[in-house]
Each structure stands twice: as C-alpha cells, then as structure tokens.
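In: Sequence below, structure please.
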Amino acid sequence: MCGRFTLTADLPLLAERFHFDAADLALTPSYNVAPGQQVLSVIHDGTHPRAGYLRWGLVPSWARDPSVGHRMINARAETVAEKPSFRQALQRRRCLVLADGFFEWRRDGATKTPMYIRLNGHEPFAFAGLWDTWKDGTGTPLATCTILTTAANALVAPIHQRMPVILPPEAEAVWLDRRVTAPDELLALLTPYAPEHMQAYAVSPAVNSPRHNAPDCIVPV
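Out: Have a look, this model is predicted:
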C-alpha cells in the first residue's frame, strides 16, 4: 500500500517538470504527507495540464458519506477496472499525485522499521492517481483522490509486498489523456517501477506520527 509520502521540491521546479501554471498556487514542503490531507495533483482539463489540491482518500460522487474516503486512500491496479468505486474514474478522472519519496514499514521481528524510498537522483515523480468530486447536501464540492498500487519490485519487496505506481515520465501524458479510455491500454501503465532507479533506507520512528512533519523524517539512521 501507500500510506505516507513526501513532497519537498520547489513549486517552480514542479511546474516546469509537470508542465503546469503555478501562478495561483502555493506549496509548503511536506516530509510526512498523510491520508486526509490535501495533496498537490495534476489533471488535464482538455486543453492543458492543470494543478491543484485534492484531499487524499477517494469519495465517489455517489457515496452517501464522505467518511468512505478513509478506506480508499489506495486502489489496487489489478482490480481497479472492475471495482465500482474506481472503474468510472479510471476511464474519465485520472490524475498525477506529485511526490519525491514514500514510506513503507519493514517488519523486523516484533518491531516495524520505517523505510524511506525515493529515486536515485532525488527528483520528483508522479504516482498514478484517480480523482472524483462529491457534493454534500448543500452542493458544496469535495475533490478527492486515491493512489494506485501494484506488486512490489525487487527493491521494495523485502520491505512490503505492495508499492505505489510511479509512472515513468513517458507514461504521464498518456495517463492524463482523456481520449484514452481503453482499460487494457491504461492498465498496461500500472507496473512496478524499475528497482535499479530507486533507493531505500531506514529513517527515524518519528515519522510514525502523522503529526510529525519535519526534515528529520527523511534523514537516514
């Protein structure tokens, strides 16, 4: 699964890398992004990529209660085209969730060691995501998202059996392209990232608390 990640890159760098206009956006570096928080994401509005914030934890438009989002922070790539909560979003509402690392917990006997996983060059990347908009009884909208997961690659497998789908740069435009709706074409993008381009190391258990959000979350121990 993916339950925590980081986004510490500068906004101008992200805007250049993911081709969006950052003029009306603000970004505070986050070293411990947790479910329920607002996450910087990119969608395609039919003309060009557009960035904004989505609450992490998908609430489908037809849901009775927004609390369902607590259970839908992730969607499994293997079943996303079949599940009622995700299949329409897969065809029509895909997004990039921006990050530059993520955490998983490795079981060491009776304890769990937090591990930080990032690309070798420390550059930002995009998780494959889905989004939806839910409205309450007054019509107030709530825009939310989920992050897709797949089987772990050789680097992550000793830590956890699942990992978030990190899209290679050449797949990002296809994932955002609203003209692409064939499930087979989309599912082919949801594969484990190449392990030789990633690194993992142990970090402080301070990251266990979602209230702790500081640079020491990603310092090796």
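In: Does Asn208 touch Pro114 like I think?
Out: Yes. With contact defined as Cβ atoms under 8 Å, Asn208 reaches Pro114; the gap is 6.4 Å. For the C-beta atoms, the positions are set from N, CA and C on the backbone; glycine is no exception.
In: of these two, who's got more company?
Out: It is Pro114, of Asn208 and Pro114, that has more neighbours when counted by other Cβ atoms under 10 Å, with 19 against 14.
In: correct me, but that one touches Gly101?
Out: No. Pro114 is not in contact with Gly101 according to Cβ under 8 Å; the separation is 11.8 Å.
In: Quick check: neighbours shared by the two?
Out: The contact sets of Pro114 and Gly101 do not overlap (Cβ atoms under 8 Å, 6 or more residues apart in numbering).
In: Overlap of the contact sets of Asn208 and Pro114?
Out: Shared contacts of Asn208 and Pro114 (Cβ under 8 Å, 6+ apart): none.
In: so where do the helices sit in this protein?
Out: Per DSSP state H, the chain carries helices over the ranges 11-18, 87-92, 169-176, 183-187.
In: Could you list the buried residues of the last one?
Out: Along helix 183-187, these residues count as buried under the neighbour rule (16 or more other Cβ atoms under 10 Å): Leu186.
In: again, but for the second one
Out: Judged by neighbour count using 16+ other Cβ under 10 Å, the buried positions of helix 87-92 are Arg87, Ala89, Leu90, Gln91.
In: likewise stretch 122-133?
Out: Across stretch 122-133, burial judged by 16+ other Cβ under 10 Å covers Pro124, Phe125, Ala126, Phe127, Ala128, Gly129, Leu130, Trp131, Asp132.
In: want to try a markdown table for those residues, with distance to Pro49 and pLDDT as columns?
Out: A markdown table is the format used below for the buried residues of stretch 122-133 (distance: Cβ to Cβ, whole Å; pLDDT from 0 to 100):
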| residue | distance to Pro49 | pLDDT |
| --- | --- | --- |
| Pro124 | 14 | 98 |
| Phe125 | 15 | 98 |
| Ala126 | 11 | 98 |
| Phe127 | 15 | 98 |
| Ala128 | 15 | 98 |
| Gly129 | 13 | 98 |
| Leu130 | 16 | 98 |
| Trp131 | 14 | 97 |
| Asp132 | 19 | 97 |
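In: From the residues you listed, pick the one nearest Gly139.
Out: Set against Gly139, the nearest of the buried residues of stretch 122-133 by Cβ to Cβ is Asp132 (15.7 Å).
In: OK, contacts around the closest residue to Met72 other than its chain neighbours?
Out: The spatially closest residue to Met72, leaving aside those adjacent along the chain, is Leu58, at 4.3 Å (Cβ to Cβ, 6 or more residues apart in numbering). By Cβ under 8 Å, 6+ apart, the residues touching Leu58 are 69, 72-73, 75, 85-86, 89, 130-132, 144-146.
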